[in-house]
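S.K.: Next comes the sequence, and after it the predicted model I'd like to discuss.
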Amino acid sequence: MAQDGQDDLEARRKQLESELGALKRKKGTGDRETPKTTDSDRREMSKALKLSSEFISAIFVGFILGYLLDRFVGTSPWGMIGFLLLGFGAGILNVLRSVGRVAEPEDRIKRDEN
């Protein structure tokens, strides 16, 4: 009984292998062919790294400023909480400006003058 199930599975596996081989031949892709990275892929990866580092650095600066305020003024933990939220907001604003969703402040001023 168990052997019948194994034979059925083996037959199904061979059938699927042959169908997969036929599809690969039809598409013209080999087994060892790997996708090539293009310059646009690298550009997008570097842009993502830049955006994530800008966001994390803004949060980190907010944390450090809040920590220093709490340390010297003695407002623990409110300074850290406040500046951490400000850093988070600044990080989001920096990312949106880099992507082009929010205009730079100088651009808005120039448009208002015209």
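M.R.: Looks like it arrived, so ask away. Residues are numbered from 1 along each chain as shown.
S.K.: ok now the top helix by length along the chain, how far from the chain's centre?
M.R.: Longest helix in the chain by number of residues (criterion: DSSP state H): helix 39-73. From the chain centre to the centre of helix 39-73 is a distance of 14 Å (CA atoms, centre = their mean, to the nearest Å).
S.K.: Glu54 - nearest residue in space that isn't next to it in sequence?
M.R.: Asn94 (4.8 Å; CB to CB, 6 or more residues apart in numbering). C-beta: built from backbone N, CA, C; applies to glycine.
S.K.: Could you do Arg97 as well?
M.R.: Here the residue nearest Arg97, using CB to CB, 6+ apart, is Glu104, at 6.3 Å.
S.K.: The one you found: how many residues sit nearby?
M.R.: 10 (other CB atoms under 10 Å).
S.K.: Just the pLDDT at it, thanks.
M.R.: Looking at Glu104, its pLDDT is 72.
S.K.: My read is that it contacts Asn94, right?
M.R.: No. When contacts are counted by CB atoms under 8 Å, Glu104 is not listed as touching Asn94 (11.1 Å).
S.K.: thinking again about what came up before, ok, the residue nearest to Glu54 to Ser76 distance?
M.R.: Distance from Asn94 to Ser76, counting by CB to CB, to the nearest Å: 27 Å.
S.K.: So between these two, which is more surrounded?
M.R.: Of the pair Asn94 and Ser76, Asn94 is the one with more neighbours under other CB under 10 Å, namely 16 against 13.
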